[in-house]
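Predicted model and sequence follow; I will ask about them next.
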Amino acid sequence: MDQLVFLGTGDAMGVPRLYCDCEVCTEARNGGENRRYRSAVVVGCGQGEQFMIDCGPDFRAGMERRGQRFIKRILITHAHFDHIGGLPEWADACRWLERRGQMYAPREVVDIILRQYPWLERNLDIHFLDEGIVIDGWKIYRWKVNHGKNGYSYAYRFDKPGYAWAYCSDSIDLPPEQRTPLQGLDLLILGVSFYKELAEFSTRSVYDVTEALDLLQEIKPKRTIFTHMSHDIDQRNDYSLPKGVSFARTGMRVPLGQD
(Lines give C-alpha, C1' and ligand atoms only; values in the text may rest on other atoms or scores of the structure.)
Protein backbone atom coordinates (compact mmCIF):
# COMPACT_ATOMS: atom_id res chain seq x y z
CA MET A 1 0.00 0.00 0.00
CA ASP A 2 1.20 3.52 -0.76
CA GLN A 3 2.21 5.60 2.22
CA LEU A 4 2.59 9.27 3.09
CA VAL A 5 5.31 10.45 5.49
CA PHE A 6 5.44 13.91 7.07
CA LEU A 7 8.94 15.37 6.76
CA GLY A 8 7.83 18.69 8.20
CA THR A 9 4.67 20.05 9.81
CA GLY A 10 5.59 23.66 10.65
CA ASP A 11 4.66 27.06 9.32
CA ALA A 12 6.98 29.44 7.46
CA MET A 13 9.15 30.09 10.53
CA GLY A 14 9.21 26.56 11.91
CA VAL A 15 9.23 25.74 15.63
CA PRO A 16 11.08 26.92 17.64
CA ARG A 17 11.13 30.43 16.24
CA LEU A 18 14.61 31.88 16.56
CA TYR A 19 13.56 34.90 18.61
CA CYS A 20 10.93 33.25 20.80
CA ASP A 21 11.09 31.96 24.38
CA CYS A 22 7.45 30.93 24.69
CA GLU A 23 6.65 27.64 26.38
CA VAL A 24 6.15 25.78 23.09
CA CYS A 25 9.37 27.09 21.52
CA THR A 26 11.33 26.33 24.69
CA GLU A 27 10.02 22.77 24.77
CA ALA A 28 10.80 22.35 21.07
CA ARG A 29 14.30 23.81 21.51
CA ASN A 30 15.02 21.16 24.15
CA GLY A 31 14.15 18.30 21.82
CA GLY A 32 10.46 18.14 22.63
CA GLU A 33 7.55 16.95 20.57
CA ASN A 34 6.74 20.47 19.32
CA ARG A 35 9.90 20.63 17.19
CA ARG A 36 8.54 21.31 13.71
CA TYR A 37 10.32 21.64 10.38
CA ARG A 38 8.84 23.48 7.41
CA SER A 39 5.93 21.57 5.85
CA ALA A 40 6.69 18.81 3.35
CA VAL A 41 5.61 15.21 2.74
CA VAL A 42 6.99 12.20 0.89
CA VAL A 43 4.66 9.76 -0.84
CA GLY A 44 6.03 6.24 -1.20
CA CYS A 45 4.41 4.24 -3.98
CA GLY A 46 6.00 0.81 -3.70
CA GLN A 47 9.02 -0.72 -5.42
CA GLY A 48 11.12 2.25 -4.34
CA GLU A 49 9.09 4.83 -6.26
CA GLN A 50 8.32 8.06 -4.40
CA PHE A 51 7.71 11.75 -4.78
CA MET A 52 7.82 14.75 -2.46
CA ILE A 53 5.48 17.71 -2.08
CA ASP A 54 7.40 20.96 -1.52
CA CYS A 55 11.08 21.52 -0.92
CA GLY A 56 11.62 24.13 1.78
CA PRO A 57 14.76 25.18 3.64
CA ASP A 58 14.60 22.07 5.87
CA PHE A 59 14.88 19.77 2.83
CA ARG A 60 18.41 18.61 3.60
CA ALA A 61 17.67 17.99 7.28
CA GLY A 62 14.62 15.93 6.34
CA MET A 63 16.59 13.84 3.88
CA GLU A 64 19.33 13.26 6.44
CA ARG A 65 16.78 12.10 9.02
CA ARG A 66 15.55 9.57 6.46
CA GLY A 67 19.07 8.47 5.56
CA GLN A 68 18.24 9.35 1.96
CA ARG A 69 20.62 10.99 -0.53
CA PHE A 70 18.38 11.54 -3.55
CA ILE A 71 14.77 11.98 -4.53
CA LYS A 72 13.82 12.12 -8.17
CA ARG A 73 10.46 13.92 -8.19
CA ILE A 74 9.10 16.93 -6.30
CA LEU A 75 5.77 18.75 -6.69
CA ILE A 76 5.68 22.42 -5.65
CA THR A 77 2.56 24.13 -4.29
CA HIS A 78 3.74 27.75 -4.56
CA ALA A 79 6.90 29.84 -4.69
CA HIS A 80 7.23 31.01 -1.09
CA PHE A 81 10.60 30.42 0.57
CA ASP A 82 9.31 27.88 3.09
CA HIS A 83 8.21 25.73 0.14
CA ILE A 84 11.09 26.23 -2.32
CA GLY A 85 14.12 27.18 -0.21
CA GLY A 86 15.62 23.71 -0.56
CA LEU A 87 15.52 23.62 -4.38
CA PRO A 88 19.17 24.76 -4.81
CA GLU A 89 20.34 21.92 -2.52
CA TRP A 90 18.23 19.42 -4.43
CA ALA A 91 19.63 20.64 -7.75
CA ASP A 92 23.16 20.50 -6.35
CA ALA A 93 22.63 16.90 -5.25
CA CYS A 94 21.36 16.09 -8.75
CA ARG A 95 24.51 17.66 -10.19
CA TRP A 96 26.97 15.71 -8.08
CA LEU A 97 25.06 12.45 -8.33
CA GLU A 98 24.73 12.95 -12.10
CA ARG A 99 20.99 12.32 -11.97
CA ARG A 100 18.31 14.69 -13.20
CA GLY A 101 15.53 15.68 -10.85
CA GLN A 102 11.96 16.06 -12.06
CA MET A 103 10.14 19.14 -10.75
CA TYR A 104 6.39 19.61 -11.22
CA ALA A 105 4.51 22.88 -10.69
CA PRO A 106 1.97 25.14 -12.39
CA ARG A 107 3.55 27.40 -15.01
CA GLU A 108 3.10 30.63 -13.06
CA VAL A 109 4.84 29.04 -10.06
CA VAL A 110 7.69 27.82 -12.26
CA ASP A 111 8.14 31.32 -13.68
CA ILE A 112 8.69 32.76 -10.21
CA ILE A 113 11.03 29.94 -9.18
CA LEU A 114 13.22 30.37 -12.25
CA ARG A 115 13.48 34.11 -11.67
CA GLN A 116 14.89 33.32 -8.23
CA TYR A 117 16.97 30.30 -9.21
CA PRO A 118 17.64 30.58 -12.96
CA TRP A 119 20.26 27.81 -12.92
CA LEU A 120 17.91 25.03 -11.80
CA GLU A 121 17.28 23.77 -15.33
CA ARG A 122 20.89 22.69 -15.60
CA ASN A 123 20.06 19.79 -13.30
CA LEU A 124 16.25 19.59 -13.19
CA ASP A 125 13.65 18.75 -15.82
CA ILE A 126 10.67 21.01 -15.22
CA HIS A 127 7.11 19.90 -15.95
CA PHE A 128 4.18 22.32 -16.04
CA LEU A 129 1.18 21.11 -14.06
CA ASP A 130 -1.36 23.17 -15.95
CA GLU A 131 -3.23 20.02 -16.96
CA GLY A 132 -3.79 16.78 -15.09
CA ILE A 133 -0.94 14.31 -14.79
CA VAL A 134 -0.51 10.74 -13.51
CA ILE A 135 2.41 9.82 -11.25
CA ASP A 136 2.77 6.28 -9.92
CA GLY A 137 -0.88 5.61 -10.66
CA TRP A 138 -2.12 8.73 -8.87
CA LYS A 139 -4.24 10.96 -11.08
CA ILE A 140 -3.23 14.46 -9.94
CA TYR A 141 -5.41 17.54 -10.22
CA ARG A 142 -4.19 20.97 -9.15
CA TRP A 143 -6.17 24.13 -8.49
CA LYS A 144 -5.42 27.63 -7.22
CA VAL A 145 -6.47 28.43 -3.65
CA ASN A 146 -6.75 31.65 -1.69
CA HIS A 147 -3.69 32.30 0.49
CA GLY A 148 -5.03 35.48 2.06
CA LYS A 149 -2.58 38.38 2.32
CA ASN A 150 0.11 36.14 0.77
CA GLY A 151 -1.74 35.86 -2.54
CA TYR A 152 -2.26 32.34 -3.78
CA SER A 153 -1.06 28.78 -3.45
CA TYR A 154 -2.04 25.59 -5.23
CA ALA A 155 -3.66 22.52 -3.73
CA TYR A 156 -3.32 18.99 -5.13
CA ARG A 157 -5.89 16.23 -5.28
CA PHE A 158 -4.75 12.63 -5.82
CA ASP A 159 -7.08 9.88 -7.02
CA LYS A 160 -6.72 6.14 -7.48
CA PRO A 161 -9.56 3.65 -7.80
CA GLY A 162 -11.14 3.43 -4.36
CA TYR A 163 -9.12 6.20 -2.68
CA ALA A 164 -8.80 10.00 -2.90
CA TRP A 165 -6.75 12.44 -0.87
CA ALA A 166 -5.71 16.09 -1.08
CA TYR A 167 -2.86 18.29 0.11
CA CYS A 168 -3.83 21.90 0.85
CA SER A 169 -1.16 23.37 3.11
CA ASP A 170 -1.59 27.13 2.58
CA SER A 171 -5.13 28.44 2.28
CA ILE A 172 -7.81 30.46 4.01
CA ASP A 173 -11.45 31.43 3.45
CA LEU A 174 -11.84 29.27 0.35
CA PRO A 175 -14.72 30.35 -1.89
CA PRO A 176 -17.19 27.65 -3.00
CA GLU A 177 -15.44 26.86 -6.31
CA GLN A 178 -12.15 26.24 -4.48
CA ARG A 179 -13.84 23.97 -1.94
CA THR A 180 -15.43 21.73 -4.58
CA PRO A 181 -12.30 19.58 -5.27
CA LEU A 182 -12.15 18.84 -1.52
CA GLN A 183 -15.41 16.88 -1.67
CA GLY A 184 -15.43 13.10 -1.47
CA LEU A 185 -12.00 12.68 0.14
CA ASP A 186 -10.74 9.77 2.19
CA LEU A 187 -7.93 11.96 3.53
CA LEU A 188 -7.34 15.72 3.66
CA ILE A 189 -4.01 17.26 4.65
CA LEU A 190 -4.92 20.84 5.59
CA GLY A 191 -2.78 23.71 6.81
CA VAL A 192 -3.67 25.48 10.07
CA SER A 193 -1.41 28.02 11.77
CA PHE A 194 -3.07 28.86 15.09
CA TYR A 195 -5.84 27.33 17.15
CA LYS A 196 -7.71 30.65 17.21
CA GLU A 197 -5.85 33.44 15.45
CA LEU A 198 -6.64 36.90 16.81
CA ALA A 199 -4.87 38.97 14.17
CA GLU A 200 -6.91 41.19 11.88
CA PHE A 201 -8.35 38.94 9.17
CA SER A 202 -6.94 41.02 6.33
CA THR A 203 -3.41 40.30 7.61
CA ARG A 204 -3.82 36.53 7.69
CA SER A 205 -2.96 33.79 5.21
CA VAL A 206 -3.82 30.35 6.66
CA TYR A 207 -6.87 28.84 8.37
CA ASP A 208 -6.90 28.54 12.12
CA VAL A 209 -8.18 25.33 13.72
CA THR A 210 -11.63 26.69 14.56
CA GLU A 211 -12.17 27.85 10.97
CA ALA A 212 -10.84 24.58 9.60
CA LEU A 213 -13.27 22.59 11.71
CA ASP A 214 -16.12 24.64 10.26
CA LEU A 215 -14.83 23.84 6.76
CA LEU A 216 -14.72 20.13 7.58
CA GLN A 217 -18.38 20.23 8.56
CA GLU A 218 -19.14 21.14 4.96
CA ILE A 219 -16.71 19.00 2.94
CA LYS A 220 -16.74 15.97 5.28
CA PRO A 221 -13.49 14.11 4.51
CA LYS A 222 -13.24 10.73 6.20
CA ARG A 223 -9.97 11.72 7.86
CA THR A 224 -8.16 15.06 8.27
CA ILE A 225 -4.61 15.78 9.40
CA PHE A 226 -3.58 19.34 10.19
CA THR A 227 -0.12 20.57 9.17
CA HIS A 228 1.71 23.93 8.70
CA MET A 229 1.39 24.68 12.43
CA SER A 230 2.92 27.67 14.23
CA HIS A 231 4.20 27.82 17.80
CA ASP A 232 0.63 28.50 18.93
CA ILE A 233 -0.18 24.78 18.65
CA ASP A 234 1.08 22.69 21.58
CA GLN A 235 1.11 18.97 20.80
CA ARG A 236 1.00 18.20 24.52
CA ASN A 237 -2.48 19.76 24.86
CA ASP A 238 -5.79 18.02 24.37
CA TYR A 239 -7.77 20.14 21.92
CA SER A 240 -10.72 17.72 21.88
CA LEU A 241 -10.64 17.47 18.11
CA PRO A 242 -13.49 15.53 16.48
CA LYS A 243 -13.10 11.88 15.58
CA GLY A 244 -10.97 11.48 12.49
CA VAL A 245 -9.15 14.80 12.94
CA SER A 246 -5.59 15.07 14.28
CA PHE A 247 -2.37 17.08 14.15
CA ALA A 248 0.55 15.86 12.04
CA ARG A 249 3.85 14.98 13.67
CA THR A 250 7.32 14.79 12.17
CA GLY A 251 7.87 11.29 10.78
CA MET A 252 4.19 10.36 11.01
CA ARG A 253 3.25 7.68 8.47
CA VAL A 254 -0.19 7.48 6.91
CA PRO A 255 -1.38 4.63 4.62
CA LEU A 256 -2.97 5.82 1.38
CA GLY A 257 -5.57 3.19 0.70
CA GLN A 258 -8.35 1.16 2.23
CA ASP A 259 -7.40 -1.47 4.78
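Ah, there it is.

Please count neighbours and contacts with C-alpha atoms only from this point.
Fine.

where do the strands sit along the stretch 101-250 of the chain?
Here the stretch 101-250 of the chain has its strands, by DSSP state E, counting those that start in this stretch, at 101-105, 124-128, 133-135, 138-146, 152-160, 163-168, 187-191, 223-227, 245-247.

So what touches the fourth one?
Okay, so that is strand 138-146. Counting by CA atoms under 8 Å, 6 or more residues apart in numbering, the neighbours of strand 138-146 from elsewhere in the structure are 129-134, 152-160, 171-174, 178.

Centroid-wise, who is the farthest residue in this protein?
If you look at how far each residue of the chain sits from its centre, by CA atoms, centre = their mean, the farthest one is residue 98, at 27.5 Å.

Tell me where the model's unsure across the protein.
Filtered on pLDDT under 70, the chain yields the residue ranges 259.

Quick one: the helices in it, in order.
If you assign secondary structure with DSSP state H, the helices in the chain sit at 23-29, 59-66, 81-84, 87-97, 107-116, 176-179, 209-219.

Need the contact partners of the fourth one.
Going back to what we said before, that points to helix 87-97. Applying CA under 8 Å, 6+ apart, the contact partners of helix 87-97 are 55-56, 59-60, 69-70, 100-101, 117, 120, 123-124.

which of those residues lies closest to residue 148?
Of all these, the one with the least separation from residue 148 (CA to CA) is residue 56, at 20.1 Å.

roughly how far apart are that closest one and residue 145?
19 Å (CA to CA, to the nearest Å).

Kindly report the same for residue 2.
The span separating residue 2 from residue 145 equals 26 Å under the rule CA to CA.

Between which two of the contacts of helix 87-97 is the distance greatest?
Farthest pair in the contacts of helix 87-97, by CA to CA: 69 and 117, 21.5 Å.

Report the buried members of the contacts of strand 138-146.
Listed as buried from those are 129, 133, 152-159, 171-173; burial here means 16 or more other CA atoms under 10 Å.

now, which of those residues sits nearest residue 36?
Checking these one by one against residue 36 (CA to CA), the nearest turns out to be residue 171, at 19.2 Å.

Touching, the closest one and residue 147? I think so.
Yes - because the distance of 4.5 Å satisfies CA atoms under 8 Å, residue 171 is recorded as touching residue 147.

Overlap of the contact sets of the two?
Residues touching both residue 171 and residue 147 (CA under 8 Å, 6+ apart) are 153, 205-206.

With distance to residue 227 added, can I get those residues in CSV?
Output for the shared contacts of residue 171 and residue 147, formatted as CSV (distance: CA to CA, whole Å):
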residue, distance to residue 227
153, 15
205, 14
206, 11
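
ok, of those, which one's closest to residue 81?
If you rank the shared contacts of residue 171 and residue 147 by distance to residue 81 using CA to CA, residue 153 comes first, at 12.4 Å.

All set, thanks.
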